[in-house]
Structure formats: C-alpha cells, structure tokens
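> have a look at this prediction, sequence included:
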Amino acid sequence: MAEKQYDALVIGAGAAGLAAGRALVDAGRAVLLLEARTRIGGRVHTDESFAEFPLEMGAEFIHGDRAATHDLVRRAGLSVIPVVRLGNLWWAESEARAITHSALPQSVRERLRGLIGDYEALAEADLPVDMSLGTYLRGRGWDEDALRMTDVLLAQTCCAGIDTLSCHDLIREKRADRAGSGEARIGEGYSALLRWYSRDLPLRLAAPANVLQWGDSGVEVRCGVDVYRARACIVTVPVSVLQRGDIRFAPALPQEKRRALQAFGFEAATKLIYRFREKFWPDDLTYMAHPGITARWWTPGYGRAQAAVLCAYVTAGRARQVDALSQKDALALGLRELGVLLARPAAWLERECVAAKRVSWAQERYTGGGYAHVPPGAAACREILAQPVGAVLFFAGEATAFDSNPQTVHGALESGWRAARACLGA
Ligand SMILES: Cc1cc2nc3c(=O)[nH]c(=O)nc-3n(C[C@H](O)[C@H](O)[C@H](O)COP(=O)(O)OP(=O)(O)OC[C@H]3O[C@@H](n4cnc5c(N)ncnc54)[C@H](O)[C@@H]3O)c2cc1C
C-alpha cells in the first residue's frame, strides 16, 4: 500500500541509519527508517539476560578516547568502563599456558613492540603499489611466527586474514583517524545508547526493503507489499546484503559502484560466550590470545562486581571453522583451548560452566558476517561506495567510513551524519 511522500527514507536502523535519521529529523525533515529486523541496532545487540550485567553479542568496545560515541554516551547519561587490552595482553604459544603481560619473555615483548611499531609506521609509509599486510611485514624481515602473532592480534581484529588486508586501506585509516587510542565498554550496554539515540525517530520494524526504484524525481522503496516514496533515500545496510542483491535497484546502480561493492571482503565473525559459577581468573585479566582456533579471549565483566563471563571472539577463517561445527562441538572446542590457556582440565571447566552460547554473525540473514574489509588493490572501494548517486541515493554504513574508522560503531555513526549532510545539501 502506498503511503505519504517523505523527504527521505533511511534503509537500516543500525548505528549509521539511526545517525542519518536523527540528523535529518533534527533538520526538520519528514523521514522514515525502514528496518528489516524486529529490533534496532543491527550489529549492536546487547543481551540483558545471559549474565548479571549487559553482555555484548556484537560491538563491545568504544575504540578511541576521542571516538564520537563518547559524546553520545555523555549526552545519554550513560557510563563507561575503561579497559586496557593490547597493553595488558596475556599471550600463549601453541598449546601452551597463557603468560601474563608482566611475565612475557623479553623476546616476545620485543617482537610484539616491533610488530606494532611497523604496523603504526604504515601511517607514514610510501607504498606506490598496494600489498597485503602480510607481504609488507615479510618485506620488513618478520618470520612466520611473527606473522602468526600479527594475524591473531591485528588481522583478526579487522575480520580478515593477514594476506587479505590492503595496506593502502590501513594507511588511509591511520591518516583519517581522529578517535585516538584507549578503549572502553558502555556500562549499561551499547543497545542502551542506541535506544536513547533512536527515541522518537519514525521507524518501521520488520520492514526488509527488497526493491529500490530511483530516478530524478525521487525513490520508491518496496518492502514486500508495502511501498514508500520519498525525494531521497539513504542506504545503510551491510555490504554483504548489497553484494547478495537482497535489494534490487531499478535501474541498476552505476557500474563503478557495483564493482566497488563486489571488491569488499566480508568475513564471518563469531563469539563463544561462557558463564561460570565463579570467576577463577585474576581481576586484571582483560585480553588473552594465542595462535589456536579460539584465538582471542576477553573478560566482558571486567571492572564489574559480577563478572564470571569469558568470551572468545574469532573472525575470518577461524570463525568459518567454528561455524562449521555444531554449537555443542564449537563450545567444547572453546573450553578445551581455554583449559590449556588457563591450565585447567576441560572436565573441570565443563562442570564450572553454567551457561554458554555461540553468536554467529555470518548466520544472521541481515548481516551475513562481521564487518567489511578491503583486500589489496581495492583501496578506493570505500570512497566509491560512499559517493551519492545523483541527488537521490546516498550511502552510509561502516564500510563507507573512508574518512574515519570503518569496522566500528563510531565510524558507522559518522558515515550516517555524512550521508545526512549530503542529502540535506542536495
Ligand atoms: C561480533 C562483532 C563485534 C564488533 N565489535 C566492535 C567493537 O568492539 N567496537 C566497535 O566500534 N565496532 C565493533 N563492531 C563493528 C560495529 O558493530 C559495526 O561497524 C557497526 O555497528 C555497523 O553499523 P551499521 O549501521 O553500518 O550496520 P548495521 O549495524 O549492520 O546496520 C544495518 C541495518 O540494516 C538492516 N538491514 C539489512 N538488510 C535490510 C533490508 N533489506 N531492509 C531494511 N533493513 C535492512 C539490518 O538489520 C541492520 O539493522 C563489531 C561487529 C561485530 C559483528
């Protein structure tokens, strides 16, 4: 059924869509957000019932002391729990117990410092030809052990492998970064922030857009039998959704945009989350990593009174391996590797574990993975995807955050504000 004519439609009510919608509503425009799921937030999703505190199924940290998210947290009257992760890393070689940061051998610390130094040096690097992070580090003389460490600590964070990450894209991000260092969790959970931010926004839930007709006079968006018309549309759905063709554009998007879209990588991302009877690790444990399958572990309850939860976060090839198992086998694999890291028998861990769950974002229809990465040779694709088409189609979402930090909530927010500004300007 056709409805009233809007100034703008926003497709997707994740961080980017809410930011775009909020900016347009604040500017007095008639806007409607169309969201496929029955909830807002997209890749921000806090579980309020698994533990005694809000637990993040998706985005967990605010990356950067100056990230735009902090301003929203303050305005919403929420709290933050700062956490040092990489600087407090417990590391383990294969099938070995994790060693606390202060006890790490000098050689490991030096390797870590050197690798991070070379990674940071990318900001100043002059690489005429794009290459993968792996090729760049091999060229700096690092051996395969060092590359395995980088794969776990840096590439996994980017939801990619060391040989599938573009150095030109990393250089771009380092130069565009305004968020700085420092990390924190939101005390009340990320969803509390987006709930506050979405208050009073005109929104249709359970409205998956499947056809978007556009032309000089405006857009018509179909969500099944419902039809919505507007002068402009801001598309904020994940790259994976666009790559799959879930939204049919009529006419098709320009070829350059379609090529850019297909150039993105979009890998799996999975959390294995365990709640234990009691906390059996030291209060200062924040981050633990090793070259195994469940490569990176952290303590979601860090800084809280009730805190007996551990989470393994895996991405890319590791997440595909974990996703290929049954939930029971995946959780058992996690416990086995955790037992080695913390020197506890797996049978004891099983007895102490009172609840566990796997959260696989690749299996979420409206996400299809973790977040987009750019393979070598495709560094222009973020900016191309971000460009408006005429004065009617605008694009936002973490993957388009070419002028900020993609793969983050604040990058997604900023992309939404950018698209709204462009839409208002048009
Ligand atoms: C496991 C995981 C951990 C992460 N950890 C962090 C972290 O610690 N810190 C951080 O800053 N970032 C983190 N991120 C990244 C962060 O979550 C994202 O960058 C950000 O939330 C993306 O926001 P978005 O609005 O671009 O996309 P989304 O949040 O995906 O929003 C897009 C919306 O579009 C909707 N949609 C899809 N298809 C349609 C359709 N056809 N019609 C209508 N609506 C549709 C979706 O349902 C969704 O709500 C993490 C992500 C994951 C998956």
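Yes, it's here.
> Asp163 is in contact with Gly134, correct?
Yes - with contact defined as CB atoms under 8 Å, Gly134 counts as touching Asp163 (4.2 Å). Any C-beta I mention is one placed from the backbone N, CA and C, and that applies to glycine too.
> if you count what's nearby, which of these two comes out ahead?
Gly134 (21 against 16; other CB atoms under 10 Å).
> and the gap between the more buried one and Leu112?
17 Å (CB to CB, to the nearest Å).
> what parts of the stretch 51-200 of the chain come near the ligand?
Gly58, Ala59, Glu60, Phe61, His63 (CB under 6 Å from any ligand atom).
> ramachandran angles for the third one?
Right, the one you point to is Glu60. phi -120, psi -40 (degrees, to the nearest 10).
> give the contact list for it.
Shown in contact with Glu60 (CB atoms under 8 Å, 6 or more residues apart in numbering): Arg185, Tyr190, Pro300.
> mind checking the SS state of the first one?
Secondary structure of Arg185, reduced to three states by DSSP: H, G, I helix; E, B strand; the rest coil: strand.
> quick check: closest non-adjacent residue to it.
Ile81 (4.8 Å; CB to CB, 6 or more residues apart in numbering).
> so the one you found sits in a helix?
No - Ile81 is assigned strand when assessed by three-state DSSP, not a helix.
> next, count neighbours for it.
Neighbour number of Ile81 under other CB under 10 Å is 16.
> surely it and Gly187 touch.
Yes - counting by CB under 8 Å, Ile81 does reach Gly187; the two are 5.5 Å apart.
> who wins for neighbours among the residues of the stretch 51-200 of the chain next to the ligand?
Ala59 (27 neighbours).
> that one is in what secondary structure piece?
Using DSSP states H and E, Ala59 maps to neither a helix nor a strand.
> what does Gly411 give?
Gly411 belongs to helix 409-425, assigned by DSSP H and E.
> hey, what's His63 bridged with?
When assigned by DSSP bridges, His63 has beta-bridge partners Glu183.
> and the residue lying closest to Leu154 once chain neighbours are set aside, its phi and psi?
Among residues not flanking Leu154 along the chain, Tyr119 sits closest, at 6.0 Å (CB to CB, 6+ apart). Reported as degrees, to the nearest 10, the phi and psi values for Tyr119 are phi -60, psi -50.
> so what's Ala250 up against?
Applying CB under 8 Å, 6+ apart, the residues near Ala250 are Val211, Leu212, Gln213, Trp214.
> what of Ser79?
So Ser79 contacts Val73, Ile186, Gly187, Glu188 (CB under 8 Å, 6+ apart).
> what's the answer for Ile62, then?
Thr69, His70, Val73, Val80, Glu183, Ala184, Arg185, Ile186, Val409, His410.
> dump the residues you listed to CSV, plus pLDDT and neighbour count.
Below are these laid out as CSV (pLDDT from 0 to 100; neighbours: other CB atoms under 10 Å):
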residue, pLDDT, neighbour count
Thr69, 98, 27
His70, 98, 18
Val73, 98, 22
Val80, 98, 18
Glu183, 97, 21
Ala184, 98, 20
Arg185, 98, 24
Ile186, 98, 27
Val409, 98, 31
His410, 98, 26
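> residue ranges with poor pLDDT in the stretch 201-350 of the chain?
By pLDDT under 70, the stretch 201-350 of the chain has no low-scoring segment.
> what does the stretch 201-350 of the chain have sitting close to the ligand?
So far as CB under 6 Å from any ligand atom goes, the stretch 201-350 of the chain lies against the ligand at Pro208, Ala209, Thr236, Val237, Pro238, Val241, Asp246, Ile247, Ala269, Lys271.
> got the buried residues for the helix or strand hosting Ile116?
Taking DSSP H and E as the criterion, Ile116 maps to helix 106-120. Neighbour-count burial for helix 106-120 flags Val108, Arg111, Leu112, Leu115, Asp118, Tyr119 (criterion: 16 or more other CB atoms under 10 Å).
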